[in-house]
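>>> everything below, folded, please.
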Amino acid sequence: MVGIQHTDAVSNGETQNAKSPKSANGHCKDSSTSTSAEQFRSLVLATEPVLTNYWSDVQRDDASVTEHVDAEDLDELLALNLPQEPVSDEKWLGYVKQLLAYSTKIGNPRYLDKLCASVYPAGAVAELVTGTVNSNGHVFAAGQVAILMERAIILEIRSLLGMPSIENPAANGVGGVMCPGGSMSNMLALVTARNAMFPEFKNTGMSGKRLVAFTSSHCHYSVTQAAVVAGIGLDNVIKVRCNDDGRMSVEDLESQIEATKANGGIPFFVNATAGTTVMGAFDPLDKIGAIARKHGLWFHVDGAWGGSVAFSRKHSFNLRGSADCDSFVIDAHKLAGIPQQCSILVTRESDILSRSNTLKAGYLFHNNPYDLGESTLGCGRRPDAIKWFLTWQHIGTKGFEARVDRAMENASILRSLVSQEEKLHLLHDQSTLNVCFYYLPSSLRYIQKYKDFNSIKEALESHPGHREELGLVTAAMRKEIMQRGRVLFDYAPLPQHGLPPFFRIPMCSNLTEEKHLQLVISEILSVGSEMFP
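The predicted model follows:
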């Protein structure tokens, strides 16, 4: 055990007026500022080797990605409780070790499950810095340097997206703000669009007017959730058809806008997706933007997953048209490898966020353009810019570019590996970050000859029970693979196209190599042959 040292003098030599009362185990019940530096040092010294070993162990070739334990069993095993008195350093460190031991190893190169992966060491250390400084990003007086870091990031992201430069950002704002996750960024974009286009609604409500938003049938659920929160309603979110490549049909979009007008609705917002959650598809932003301008709609881009391709000179063409959007979201905790959570919303107009959302809370905001909190729907703000800024300093823009390029290359390699196996059926061969495919038991292998979604759907419908069977095969195999723990990935359905669950593997980690992807294929074929020959 590394004990906390209690001293009577602080670092500058001043003496404490009184000592804090101690519990039976020798800890201060109410820690004073005079001992906090020593306590911090003691805990960091005790924790550092544990964390350093974790960083090393989690990336070993023989390391398990997950120690699979059912939730109820894990709850009973850990027996977590909150004490009335402080625990010893040794027991405190034991909780840290438990957390590391039983948490999914997101940093393992064979973790291919969700839209996040390994983070950079600089980002992890920056989280410690963030907690230490404990700045608040709502007003400049409480978050000076963190806010300046955030503004620098916003301006650079706007530049990468090709948005027009801002004249005198010190006075006019920077055109963006960081949010606690992409869902909140999307919500802020939709509410801002409503308030900017119909400012009277802030006072009167929507007064019976039927605002209508448009998004693709493959969009992230947060877009429709935002419409619920904003009072738009699910019935007024039009899901635009997607083609087999997962991209929004611009023909259907325009048709739906025209139909909405004819039915008395007020089209006001269109969401395009840069990197859909399931297929990783990039909507045709330039064409969608042209339609939005034609009909006077706010043009938003949810680039939470794929927006980071802006860093890549090779792949940024996927964002052609982003310069003309009204708002754009990027989740840096996804493809860019920043620790959770780290999302940014940038806007074409430099002051539209504050102008549309401020409620003039004079007890907090004093007409300072550096007070970013007025641009949000909340108040206190965690300074997530610190970890992004410090990581950016450590790896440079070229580091993010290399990560994006590697992810795209890994996706291409995995698609090729899938295509070589007769038991695997690739659902699309577009150049995206996601790879989607089926494992086909012998009874379902006839599906191999059908390439487009509609043909697969019709083939399954012509064989009663096969759609359900294929979905069950996928789910059962994934469960077995997860219990083995060598690799981890998820599955997803596409009910819009009548497709049951299939394996969906996104490429996100900067550590994943071809050997890891070969292991994925090997594991699938091994489990499939055992369970469904």
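>>> after the helix or strand bottoming out on mean pLDDT in the chain, next one along is what?
The helix or strand with the lowest mean pLDDT-type score in the chain, counting by mean pLDDT, DSSP states H and E, is helix 169-172 (a mean of 88). Remark: after helix 169-172, the chain's next helix or strand is strand 176-179, criterion DSSP states H and E.
>>> need the contact partners of that following strand.
By CB atoms under 8 Å, 6 or more residues apart in numbering, the residues outside strand 176-179 that reach it are 137, 150, 153-154, 157-158, 185, 188, 342-347, 353, 372, 375-376, 381, 384-385. All C-beta spots, glycine's among them, are computed from the backbone N, C-alpha and C.
>>> so what strands line up beside it?
The strands beside strand 176-179 in its sheet (DSSP bridges) come out as strand 343-347 (antiparallel).
>>> mean confidence for the partner strand?
Across strand 343-347, pLDDT averages out at 98.
>>> for stretch 68-79, same thing?
Averaged across stretch 68-79, the pLDDT comes to 92.
>>> now do the strands in this structure.
All strands of the chain, identified by DSSP state E, fall at 111-112, 176-179, 211-216, 237-240, 266-273, 298-303, 327-331, 343-347, 424-426, 434-439, 488-494, 499-506.
>>> which neighbours in the sheet does the first one have, and how are they oriented?
Sheet pairing of strand 111-112 (DSSP bridges) gives strand 488-494 (parallel).
>>> for this structure, longest helix please?
helix 385-419 (DSSP state H).
>>> let me know the angle separating that helix from strand 343-347.
100 degrees (axes from the mean of the first three to the mean of the last three CA atoms, to 10 degrees).
>>> got the buried residues for helix 385-419?
385-392, 395, 399-401, 403-408, 410-411, 413-415, 417-418 (16 or more other CB atoms under 10 Å).
>>> follow-up on the earlier one: whichever of the contacts of strand 176-179 end up buried, select them in PyMOL.
Filtering the contacts of strand 176-179 down to the buried ones (16+ other CB under 10 Å) takes a single PyMOL command:
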select buried, resi 137+150+153+154+157+158+185+188+342+343+344+345+346+347+353+372+375+376+381+384+385
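>>> wait, isn't Val329 in contact with Met184?
No. Using CB atoms under 8 Å, Val329 makes no contact with Met184, being 9.5 Å away.
>>> mutual contacts of these two, please.
With CB under 8 Å, 6+ apart as the test, Val329 and Met184 both reach Ser343.
>>> higher neighbour count, these two?
Counting neighbours by other CB atoms under 10 Å for Val329 and for Met184 shows that Val329 has the greater number, 29 against 20.
>>> tell me the bridge partners for the more buried one.
Assigned bridge partners for Val329, using DSSP bridges, are Asp302, Leu345.
>>> what's the closest of the strands of the chain to Gln256?
strand 237-240 (5.0 Å; CB to CB).
>>> would you mind extracting the C-alpha trace of that closest one into PDB?
This file holds the C-alpha atoms of strand 237-240, laid out as PDB (Å, rounded to 0.1, in the frame of the first residue of the first chain):
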ATOM      1  CA  VAL A 237     -39.400  13.600 -39.800                       C
ATOM      2  CA  ILE A 238     -39.400  12.300 -43.400                       C
ATOM      3  CA  LYS A 239     -37.100   9.300 -43.900                       C
ATOM      4  CA  VAL A 240     -35.700   9.700 -47.400                       C
END
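>>> packing partners of it?
Helices and strands touching strand 237-240, by 3 or more CB pairs under 8 Å, 6 or more residues apart in numbering; DSSP states H and E, are strand 211-216, helix 221-229, helix 250-262.
>>> what about the stretch 1-150 of the chain, any weak spots by pLDDT?
1-34 (pLDDT under 70).
>>> just so I have it, where are all the helices in it?
Under the criterion DSSP state H, counting those that start in this stretch, helices of the stretch 1-150 of the chain are mapped to 33-57, 71-78, 89-102, 121-133, 144-160.
>>> quick one: the longest one to chain centroid distance?
Mean C-alpha position of helix 33-57 versus that of the full chain (CA atoms, centre = their mean, to the nearest Å) differs by 28 Å.
>>> could you do the second one as well?
The gap between the average C-alpha position of helix 71-78 and the chain average comes to 27 Å, counting by CA atoms, centre = their mean.
>>> go on, stretch 472-483?
Its chain's C-alpha centre and that of stretch 472-483 lie 25 Å apart, by CA atoms, centre = their mean.
>>> cool, and stretch 285-302?
Centroid separation for stretch 285-302 versus its chain: 24 Å, with CA atoms, centre = their mean.
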